[in-house]
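In: turn this into a structure:
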Amino acid sequence: MNLIYETDRLILKVLRPEDAPKVLSFYQKNKDIFEMYEAARPENFYTLKYQKSLLLCEYNYTLQLSAVRFYAFLKENPTQIIGTVCFRDIVHSIYETCEVGYKFDPDFWHQGYATETLLEGIEIMFDDLKLHRIEACVMPKNLPSIRLLESLYFKREGLLRQNALINGQWEDHYLYSLIHP
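Out: Numbers count the residues shown, from 1 in each chain. Model prediction:
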């Protein structure tokens with residue numbers, strides 16, 4: 001597996017601690033939208049120190065092939081992060097599975113960038129890491145994410161009741177999966 005991939009319009013990269021200013025800017029800009037769908041952040045999440053530490057941790061997970069986070073950049077502007085996709089909880093042995101999560105700057109929604117990023121990531125997981133199954137959890141009210149998953153042929157398997165604590169409330173999530181063809 002490589003640390004940098006290219007699609008028709010995008011560059012996907014595993015970032016390192018020195019990229020923390022870009023990552024912090026991405027999270028600060030999109031704080032309100034991201035926090036609607038994610039667990040509470042540590043108090044120091046929006047600091048350079050925290051982001052450097054997180055990037056080092058994520059980089060080490062990538063080297064161990066236990067999780068991989070790609071940050072998406074436009075080829076025409078390779079310094080601004082437009083989104084990210086993370087394949088986490090990578091398990092081999094009898095499972096050959098992982099879970100995917102993603103988030104994109106709303107300025108780049110409805111332009112096919114999330115689809116392009118996920119397609120490349122899925123190909124990497126299936127072809128390079130030889131996984132068999134990719135799972136995704138999505139809140140029932142997150143209709144754009146549901147449409148994205150279903151457009152990529154993820155199948156809804158069921159409802160995970162009170163699955164995650166989001167903004168102080170236990171939220172249900174649909175469980176989706178994609179099986180390697």
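In: biggest helix in the chain by residues?
Out: The single longest helix within the chain, with elements called by DSSP state H, is helix 48-64.
In: that one - contacts with which helices or strands?
Out: On a contact count with 3 or more C-beta pairs under 8 Å, 6 or more residues apart in numbering; DSSP states H and E, helix 48-64 meets helix 20-29, strand 68-74. The C-beta positions use only the backbone N, C-alpha and C, and glycine is treated the same way.
In: so D32 sits in a helix?
Out: Yes: the assignment for D32 by DSSP: H, G, I helix; E, B strand; the rest coil puts it in a helix.
In: circling back: what sits up against the longest helix of the chain?
Out: 3, 14-21, 23-24, 27, 42, 44, 67-69, 88 (C-beta atoms under 8 Å, 6 or more residues apart in numbering).
In: dump the helices and strands packed on helix 48-64 to JSON lines, plus mean pLDDT and mean neighbour count.
Out: Output for these, formatted as JSON lines (pLDDT from 0 to 100; neighbours: other C-beta atoms under 10 Å):
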{"stretch": "helix 20-29", "mean pLDDT": "98", "mean neighbour count": "17"}
{"stretch": "strand 68-74", "mean pLDDT": "98", "mean neighbour count": "23"}
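In: nearest to W170, out of these?
Out: Nearest of the helices and strands packed on helix 48-64 to W170, taken as C-beta to C-beta: helix 20-29 at 24.2 Å.
In: buried residues in the lengthiest strand in the chain?
Out: Ranked by number of residues, the top strand in the chain under DSSP state E is strand 77-91. Residues Q80, I81, I82, G83, T84, V85, C86, F87, I90 are the ones in strand 77-91 that count as buried (16 or more other C-beta atoms under 10 Å).
In: now do the contacts for the third one.
Out: Each residue near I82 by C-beta under 8 Å, 6+ apart is listed here: L10, A72, F73, L74, F104, D105, D107, F108, Y113.
In: ok, now which ones touch the spatially closest residue to the fifth one that is not a sequence neighbour?
Out: So that's F104. Among residues not flanking F104 along the chain, G83 sits closest, at 3.4 Å (C-beta to C-beta, 6 or more residues apart in numbering). By C-beta under 8 Å, 6+ apart, the contact set of G83 is Y71, A72, Y102, K103, F104, D105, F108, Y113, A114, T117.
In: now go through the residues you listed and say which are in strands.
Out: Using DSSP E, these in strands are Y71, A72, Y102, K103, F104.
In: I'd say the second one and K103 touch.
Out: No: shown here, A72 and K103 do not form a contact pair, counting by C-beta atoms under 8 Å, at 10.1 Å.
In: now for these two: what residues contact both?
Out: G83, T84.
In: now do the buried residues in stretch 34-50.
Out: Using 16+ other C-beta under 10 Å as the test for burial, stretch 34-50 gives F34, Y37, Y50.
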